[in-house]
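[1] Quick one, structure for this:
(one chain, ligands or ions: 1)
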Amino acid sequence: MNQSLSHFVGNTPLIKISSLSEVTGCEIFGKAEFLNPGGSVKDRAALGMIQQAEKDGLLKKGFTLVEGTAGNTGIGLATLAASRGYKCLIVMPNNQSQEKYDALNALGAELVKVDPVPFANENHFYHTAKKLAAERADTFWVNQFENLANFQAHRDTMGPEIWQQTEGKVDAFLAAVGTGGTIAGVSQFLKEKNKQVHIRLVDPMGSGLYNWVQNKKMQSSGSSITEGIGIMRETANFKKAIIDDAVQVSDQDMLFMLYYLAKKEGLLIGTSAALNVFGAYQYGMENKNSGKKIVTVLCDSALRYQSKIFNPEFLKSKNLLGVPGTF
Ligand code: PMP
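    Numbers count the residues shown, from 1 in each chain. The predicted structure is shown next:
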């Protein structure tokens, strides 16, 4: 029996969110990705990209995995690296939650923090990781945004799991996008099984993808406290996605949902997950009493962000309320 850590990536439960299912007259499910060993949906991509690089001979014992990330991919890589004989060098913007830096330090990763700058700036975490990987010997630049082993991991694992867990009766899938790996992999798999499955992108404010999907303009307005999602460019992984439409969700709606799910459902999920569930609830209201099976992703846990989202001072500084809404 394979009992290594890598073996426990994926095969996550599909949890029915009862109260939202009842109020919408649909069935709303969340894929419990916070139960992965590294605590997020990015474990799937991290494992897929490591395995592909091993197969291609690009990664050998003692090598250093180098990656630019909002944190979750770094944690996924660092979680898997030690047991497979690799080191990790993780480049992150310096405005992410302290919990992610602490986890990476504990996992033994070397951490480089950079200012959060637009992608065009050469100091962006993406370019910094690429540069550091080129400067050092025995490195593998993971490059989750352009490395198609990312979307392939979701196509091979999360797509089939959702199909099986809904007994082929899924009507809609919704997800926010960081690299696009999740939505691309899952949408390709589900559309191949049934073209009628509706795929909706849920975008935070400050991201260009909502406008990109709706009218082919990479434009954004506002900003968001969500982490790991929302981009201003079309990545190779995102290009693989088959998307029907997109919605934008405000931080306040996301936060009401986050607090609501914790109190009413015992689901302590992170900000992108709460954004996703708000999108799923909205889709359910649009299709009220249709009995549709709506699936979304519970990307990670609220505990990864508690110094921000359970911190009244932080919320006040962002003009956000942390009280539960009514859904
Ligand atoms: N939610 C969180 C918290 C993430 O860290 C990420 C990945 N950065 C995503 C969602 C989006 O996943 P993907 O990269 O597959 O689009």
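[2] isn't residue 282 right up against residue 245?
    No: the criterion here is CB atoms under 8 Å, and residue 282 misses it with residue 245 at 11.7 Å. Any C-beta I mention is one placed from the backbone N, CA and C, and that applies to glycine too.
[3] and the nearest residue to residue 130 once chain neighbours are set aside, how many neighbours does it have?
    Spatially, and ignoring its direct neighbours in sequence, residue 130 is nearest to residue 141 (5.8 Å; CB to CB, 6 or more residues apart in numbering). Residue 141 is flanked by 20 other residues according to other CB atoms under 10 Å.
[4] Give me the distance between the nearest residue to residue 220 once chain neighbours are set aside and residue 221.
    Nearest non-adjacent residue to residue 220, counting by CB to CB, 6+ apart: residue 208, 4.6 Å away. Look at residue 208 and residue 221: by CB to CB, to the nearest Å, they are 10 Å apart.
[5] Just want to know which of those two has more residues nearby.
    Applying other CB under 10 Å to residue 208 and residue 221 shows that residue 208 carries more neighbours, namely 18 against 11.
[6] How many neighbouring residues does whichever residue of the stretch 1-150 of the chain sits closest to the ligand have?
    Nearest residue of the stretch 1-150 of the chain to the ligand, counting by CB to the nearest ligand atom: residue 72, 3.5 Å away. By the criterion of other CB under 10 Å, residue 72 has 30 neighbours.
[7] these two touch, right, it and residue 36?
    No: Residue 72 is beyond contact range of residue 36, at 9.8 Å (criterion: CB under 8 Å).
[8] about what we covered before: please compare residue 282 and residue 245 by neighbour count and tell me which comes out ahead.
    The residue with more neighbours, out of residue 282 and residue 245, is residue 282; 19 against 12, by other CB under 10 Å.
[9] check whether the helix or strand containing the more buried one contacts the ligand.
    For residue 282, the element it lies in under DSSP states H and E is helix 271-286. Yes: using CB under 6 Å from any ligand atom, we find that helix 271-286 touches the ligand at residue 272.
[10] which strand residues sit across from the residue nearest to residue 130 in the sheet?
    Taking DSSP bridges, one obtains residue 66 as the residues bridged to residue 141.
[11] hang on, the earlier thing: let me see the contact set for the residue of the stretch 1-150 of the chain closest to the ligand.
    38-42, 100, 228, 299-300, 304 (CB atoms under 8 Å, 6 or more residues apart in numbering).
[12] Quick check, pLDDT for the closest residue to residue 78 other than its chain neighbours.
    Nearest residue to residue 78, sequence neighbours excluded (CB to CB, 6+ apart): residue 107, at 3.8 Å. Note on residue 107: pLDDT of 96.
[13] How much space separates residue 162 from residue 9?
    Taken as CB to CB, the span from residue 162 to residue 9 is 16 Å.
[14] for residue 190, same thing?
    Taking CB to CB, one finds residue 190 at 20 Å from residue 9.
[15] ok, those two, which is more surrounded?
    For residue 190 and residue 9, the more surrounded residue by other CB under 10 Å is residue 190, and the numbers stand at 27 against 22.
[16] Enumerate the residues of the stretch 201-327 of the chain near the ligand.
    So far as CB under 6 Å from any ligand atom goes, the stretch 201-327 of the chain lies against the ligand at 227-229, 270, 272, 299-300.
[17] Go through those and name the one nearest residue 29.
    Of all these, residue 29 sits closest to residue 299, with 14.3 Å by CB to CB.
[18] need the strands for the stretch 101-250 of the chain, in chain order.
    110-114, 139-141, 172-175, 198-204, 245-249 (DSSP state E, counting those that start in this stretch).
[19] Nearest to residue 78, out of those strands?
    strand 110-114 (9.6 Å).
[20] Contacts for that closest one next, please.
    Residues contacting strand 110-114 (CB under 8 Å, 6+ apart): 87-94, 101, 104-105, 123-125, 128, 132.
[21] Let's see it as CSV, backbone CA atoms only.
    Coordinates of each C-alpha in strand 110-114 appear next as CSV, following Å, rounded to 0.1, in the frame of the first residue of the first chain:
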residue,chain,number,x,y,z
GLU,A,110,14.2,29.6,1.4
LEU,A,111,11.9,32.6,1.1
VAL,A,112,12.5,35.8,-1.0
LYS,A,113,9.9,38.6,-0.6
VAL,A,114,9.5,41.2,-3.2
